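Asks: Using only what follows, build the 3D model:
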Amino acid sequence: MKSGKNKTGPEPGLPERTAALEQGPRRYRARINRAPVLDRMRVQELAGNIHAQSRLLEFLNLFLVLLPSRVNNVIGALASGDLEAASAAAQSLASSAAMAGASRLELVALLVDTDLRTGRMDRARETGRRLGPDAAELASALSRLLAGR
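Replies: Numbers count the residues shown, from 1 in each chain. All right, here's what the predicted structure looks like:
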């Protein structure tokens with residue numbers, strides 16, 4: 001007997017991240033929680049691309065300094081209902097998070113942007129509520145990494 005579990009799911013072959021983007025906040029909450037706060041493999045890849053440990057440390061420190069304002073830009077734009085500003089801020093946050101190995105924050109920012117692009121402001125706000133706590137958890141993980149722990 002076939003299960004109807006995938007009837008509303010994404011088409012076969014779509015990447016997992018795209019699948020998460022197509023689901024509502026309650027349905028993708030578990031997927032967000034499974035995403036690593038800090039993907040150390042990405043950070044190591046970045047170190048290989050930069051060719052210098054000191055430049056990697058500079059980048060990660062700058063990312064940490066700018067993180068609160070990037071998160072606040074998304075949250076503020078969502079609160080004021082400025083769709084364009086919220087979308088741009090979410091894209092910027094997702095991009096910088098990806099470069100820093102912040103997989104969970106990247107996913108949440110992408111989900112916020114996707115919700116905005118599809119006109120789901122309430123859902124974007126609901127998802128956006130995760131940004132502060134997820135950014136705080138990331139900042140702690142990055143601080144431990146930078147301190148060598």
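Asks: Disregarding residues adjacent in the polypeptide, which is nearest to the residue positioned nearest the centre of the chain?
Replies: Residue closest to the average C-alpha location in the chain (CA atoms, centre = their mean): Glu106, at 1.8 Å. Once flanking residues are discounted, Glu106 sits nearest to Ala97: 3.9 Å by CB to CB, 6 or more residues apart in numbering. C-beta here means a position set from N, CA and C on the backbone, and glycine is covered the same way.
Asks: ok, now which ones touch the one you found?
Replies: Ala97 makes contact with 103, 105-106, 109, 138, according to CB atoms under 8 Å, 6 or more residues apart in numbering.
Asks: Now the nearest residue to Leu83 once chain neighbours are set aside: which helix or strand?
Replies: Excluding its sequence neighbours, the residue lying closest to Leu83 (CB to CB, 6+ apart) is Leu116, at 5.5 Å. Under the criterion DSSP states H and E, the helix or strand holding Leu116 is helix 103-117.
Asks: Flag every buried residue along the very next helix or strand once past that helix.
Replies: Using DSSP H and E, the helix or strand that directly follows helix 103-117 along the chain is helix 121-128. Residues 123-128 are the ones in helix 121-128 that count as buried (16 or more other CB atoms under 10 Å).
Asks: what angle do helix 121-128 and helix 103-117 make?
Replies: 170 degrees (axes from the mean of the first three to the mean of the last three CA atoms, to 10 degrees).
Asks: Helices along this structure, start to end?
Replies: For the chain, helices defined by DSSP state H occupy the ranges 16-21, 25-34, 40-50, 53-80, 83-100, 103-117, 121-128, 131-146.
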